[in-house]
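Novice: Have a look at this prediction, sequence included:
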Amino acid sequence: MLRIALRQGRAGFIAATAIAAFNGIAQSLAYDAIVGDTPASRAAFAAQIELLGRQLTFLLPVPVQIETLAGFLDWRHFGALPLMYGVWALLASTGATRGDEDRGYVEQWLAAGVSRARYLRARVGGFAILASSSVAVTVAATMAGAALSGEPLPPGAVVAQGVALVALTLCCFAIGLLVSQLAVTRRGAAGLVALVLGILFLAAGGARSGAFGTAAQVSPFWLYERSRPLLAGGSLDAPSLMWLGSIALLGTAAAAVLFRRRDLGASAIRPRIRSARPSFVPAGRSALRAPVLRALDRQATGLLSWAAGLALLAFFLGSLLPTMIRVAKEVPLIQLMVLRGAAGDLEGAFVGSVWGNTALLVLSSFAIAQVSGWAADESEGRLEMTLAAPLPRWRVVLERAVALAAGAVLVVAVASLTLAVVTRWHGIPLDLLEFAGASVLLVPLVVAFGAIGAVLIGWRPRAAVWILGVVAVASYFIQQLAPMFRFPDLVRNLSLFELYGSPLLLGPNWAGLAAQLAIIIGGFGLAAVSLSRRDITR
């Protein structure tokens, strides 16, 4: 069972390790390129970046000692990795039990004599081995990048930071494993786990800004940030590390108890069963008959979770924006980075920059979760039953595209309305028409991710989710690293996020929108041709 768990998790391991290791090397080399060698230039850079970093505390820890490579990596590299490893833990934990149940694997293993406890131990142990190995490779790559830049890092400090990162990853996996027991399908579990981890991540971000107080101490992300051994005078915080380990153990134990007590394919929360007369008449719900509504009805819980999570994030960011804008008006470097050298409305540009980048990350995860559901439909046999209705294969692909667009519209609309109300409440002058247009442009990007995922399902169904995750993370890093390394436009446009542009500052990116539409039409068209010519695999 342990070998099976390792084999099932190898795709996620390769993707997460490649991305994290590349980021460690790239950030190390970029630091020397943008900071300079003289103490004066480094001090000036550190003073301005520390002011900028204090406006990004909702995503990254407070920057300290930025005049050194160790301090920069502590903020920009090891401060960003929790989000990436948290997403990996989300996908892996929902794949364990829920994903395996959807594919019928758990039923087969239990019938072969494998106990539930043994199965769960194998999945947890396999992920622990993969997570530790991934962090070890990332630590080695970061040290190699620092050595290439001419400022080697102390090995003990980097290893200590890696230990904290492993503890955080296992803690997120345990939380995801526990929350997954409350859902019925992997798609619903992904939405619930994303909501819970998102709240915990925002709690840590709020604590950095002086909000939530002691309540944020239950967040594993806040506990992880107590350990900053790379900084001069910093160390590995033993109490926080113990709390992370305790949460991981208790979460895993609670998940094991719920998993042992519930039925396969059922939630740990048993609904109240009402006695009723038997009926042989089909259900009268019209939503089950409509082509697109039946897909939305089946994932109603997941959609509401994604909408609530993104709306909560919008409320949180909207509350921080007034302070961030006030500081930005006093720091020329922040204005230069936000306005990108153009003349425009600083308030609108700041809202677009902060909200746009954050929403793109969340919505790309939403698209990945939808693609995961499409792949599960095939492995679980639902696609086979749908085609036996009978239903043309091209129509299945079309319904998926329309349902994805409709779900994205719901999630974006709820979150955008929340942000608009909060910014108005705080007196931020925001052009509602332009903001509505920028929000609408988020929908084609989600559908474009779905189109790429649909093509991947026709090629490699089991690897589609992880490959699409690599595409999303690569798009993010290309967008972030492009200004540092001055990437040419050809490389910049490889990022799907870059195709979205900055509509609140520079107006709609019509060329990028045309490219997204081409991806949507070509991707779903190719997926329809692929589905019509290949056999359905289970």
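Specialist: That came through, no problem.
Novice: Tell me who's in contact with R262.
Specialist: 181, 268, 270 (CB atoms under 8 Å, 6 or more residues apart in numbering). In this view, the C-beta of every residue, glycine as well, is placed from N, C-alpha and C.
Novice: where does D345 land on pLDDT?
Specialist: pLDDT for D345: 65.
Novice: whoops, A328 was the one
Specialist: A328 is given a pLDDT of 64.
Novice: And the contacts of R262, which of them are buried?
Specialist: Neighbour-count burial (16 or more other CB atoms under 10 Å) is assigned, among those, to 181, 268.
Novice: Please produce a markdown table containing the contacts of R262, extended by distance to A26, pLDDT and secondary structure.
Specialist: Output for these, formatted as a markdown table (distance: CB to CB, whole Å; pLDDT from 0 to 100; DSSP: H, G, I helix; E, B strand; the rest coil):
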| residue | distance to A26 | pLDDT | secondary structure |
| --- | --- | --- | --- |
| Q181 | 38 | 91 | coil |
| A268 | 42 | 84 | coil |
| R270 | 49 | 77 | coil |
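Novice: okay, and the helix or strand of the chain with the least pLDDT?
Specialist: Lowest on mean pLDDT, DSSP states H and E among the helices and strands of the chain sits helix 332-339, with a mean of 59.
Novice: helix/strand/coil for the residue in the chain sticking out farthest from the centre?
Specialist: Most distant residue from the mean C-alpha position of the chain: R277, 45.4 Å away (CA atoms, centre = their mean). Per DSSP: H, G, I helix; E, B strand; the rest coil, the secondary structure class of R277 is coil.
Novice: Neighbours of G373, how many?
Specialist: Around G373 there are 25 other residues, counting by other CB atoms under 10 Å.
Novice: so what's it closest to, chain neighbours aside?
Specialist: Among residues not flanking G373 along the chain, R187 sits closest, at 4.0 Å (CB to CB, 6 or more residues apart in numbering).
Novice: Tell me how many other residues crowd the one you found.
Specialist: 24.
Novice: Settle this for me: it is touching A369, isn't it.
Specialist: Yes - with contacts counted by CB atoms under 8 Å, R187 reaches A369, the gap being 6.3 Å.
Novice: which residues do those two both contact?
Specialist: Overlap of the contact sets of R187 and A369 (by CB under 8 Å, 6+ apart) consists of G302.
Novice: need the contact list for Y105.
Specialist: Contacts for Y105 (CB under 8 Å, 6+ apart) come out as none.
Novice: quick revisit: mind putting the contacts of R262 in a markdown table, distance to A415 included?
Specialist: Shown next, in a markdown table, are the contacts of R262 (distance: CB to CB, whole Å):
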| residue | distance to A415 |
| --- | --- |
| Q181 | 27 |
| A268 | 29 |
| R270 | 32 |
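Novice: domains for this protein, by residue range?
Specialist: Split into domains by automatic domain parsing, the chain comes to 1-267, 290-538.
Novice: Can I get the ones you listed in CSV including distance to V281?
Specialist: Output for the domains of the chain, formatted as CSV (distance: least, CB to CB, whole Å):
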stretch, distance to V281
domain 1-267, 24
domain 290-538, 18
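Novice: Among the ones you listed, which one carries the weakest average confidence?
Specialist: Per-stretch mean pLDDT for the domains of the chain is lowest at domain 290-538 (a mean of 80).
Novice: Flag every buried residue along the strand or helix carrying L304.
Specialist: If you go by DSSP states H and E, L304 is part of helix 300-328. For helix 300-328, the neighbour count (16+ other CB under 10 Å) marks 301-303, 305-314, 316-322, 324-325, 328 as buried.
Novice: quick one on the thing from earlier: tell me the contacts of the residue nearest to G373?
Specialist: Contact analysis of R187 by CB under 8 Å, 6+ apart lists 299, 302, 369-370, 372-373, 376.
Novice: cutoff 6 Å now
Specialist: Contact analysis of R187 by CB atoms under 6 Å, 6 or more residues apart in numbering lists 299, 302, 373.
Novice: Compile these into TSV and extend it with columns for distance to V139.
Specialist: As requested, the contacts of R187 are exported to TSV (distance: CB to CB, whole Å):
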residue	distance to V139
Q299	38
G302	35
G373	35
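Novice: Can you give me the neighbour number for A472?
Specialist: Neighbours around A472, by other CB under 10 Å: 23.
Novice: change the start of the numbering to 162 and stick with it
Specialist: In the new count, where the first residue is 162, that last one comes out as A633.
Novice: Give me the three-state assignment for it.
Specialist: Assigned by three-state DSSP, the conformation of A633 is helix.
Novice: That one contacts L524, correct?
Specialist: No - using CB atoms under 6 Å, A633 is not in contact with L524; the gap is 9.6 Å.
Novice: so the longest helix along the chain versus helix 461-489, what angle?
Specialist: Assignment by DSSP state H gives helix 507-541 as the longest helix of the chain. Here helix 507-541 runs at an angle of 160 degrees relative to helix 461-489 (axes from the mean of the first three to the mean of the last three CA atoms, to 10 degrees).
Novice: Just after helix 507-541, pick out the following helix or strand.
Specialist: Going down the chain from helix 507-541, the next helix or strand is helix 543-548, by DSSP H and E.
Novice: Name the residues of that next one that come out as buried.
Specialist: Buried, per 16+ other CB under 10 Å, within helix 543-548: 544, 547.
Novice: wait, isn't Y385 in contact with L329?
Specialist: Yes - look at Y385 against L329 with CB under 6 Å: they come within range, at 4.2 Å.
Novice: which residues do those two both contact?
Specialist: Shared contacts of Y385 and L329, counting by CB under 6 Å, 6+ apart, come down to P243.
Novice: Any buried residues in stretch 269-282, and which?
Specialist: For stretch 269-282, by 16+ other CB under 10 Å, it's 270, 277, 280-282.
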